[in-house]
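Novice: With the input below, show me the fold.
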Amino acid sequence: MQKQFKLTKDRLEELKQELVHLRTVREREVAEQIKEARSFGDLSENSEYDEAKNEQGKLYSRIAELENIIANAVIISEAAQGKGVTMGVKVTLTIDGAETEYTIVGSQEANPFVGRLSDESPIGKAIMGKHEGDEVTVETLSGTKVCRIIAITK
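Specialist: Model prediction:
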């Protein structure tokens, strides 16, 4: 079974736009780099050609990755959200006494440095389905953390 990717509608649109850009603009740029590098002569000793081919490989790898994510995307909808901590909500937590706010998102959108916490992270898993006032203890890479849910907003 394919892995499903939980995404917001906005994030899915961003990925679709990136895919279009890679297939059109970026693919032409890389093809031009390869064509130019070929004109330099002997391909066996042509580092520009090797670099352009590596870039082409990275490009096709990213295109395949995006196609997989888009094909297996599950949109996080507010209608599907119940009470408590669910995908797409903003959660205000105290973690070991320090207050922090996160939006709960899928792993493809996660970036804790900008307040986007994955539902698959240790803290994300622990607070899913919990309610305001609930307290959980979580084992993280940096040790045991005590988290209290202060507020949940849609």
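
Novice: Please count neighbours and contacts with C-alpha atoms only from this point.
Specialist: OK.

Novice: Scan the chain for its longest strand.
Specialist: strand 143-153 (DSSP state E).

Novice: which outside residues touch that strand?
Specialist: With contact meaning C-alpha atoms under 8 Å, 6 or more residues apart in numbering, strand 143-153 is reached by 84-85, 89-96, 127, 130-139.

Novice: Out of these, which end up buried?
Specialist: 84-85, 89-95, 127, 130-131, 135, 138 (16 or more other C-alpha atoms under 10 Å).

Novice: Just the buried positions in the longest helix seen in the chain, please.
Specialist: Criterion DSSP state H: the longest helix present in the chain is helix 47-71. Within helix 47-71, the residues that count as buried by 16+ other C-alpha under 10 Å are E48, Y49, D50, A52, K53, E55, Q56, L59, I63, L66, I69, I70.

Novice: Then stretch 142-154?
Specialist: Result for stretch 142-154 [16+ other C-alpha under 10 Å]: buried residues K145, C147, R148, I149, I150, A151, I152.

Novice: And these, which is closest to L22?
Specialist: Nearest to L22 out of the buried residues of stretch 142-154 is I152 (C-alpha to C-alpha; 37.7 Å).

Novice: that older thread, in TSV, list the buried residues of helix 47-71 along with distance to L22.
Specialist: Below are the buried residues of helix 47-71 laid out as TSV (distance: C-alpha to C-alpha, whole Å):
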residue	distance to L22
E48	21
Y49	20
D50	20
A52	15
K53	15
E55	12
Q56	11
L59	7
I63	7
L66	10
I69	15
I70	14
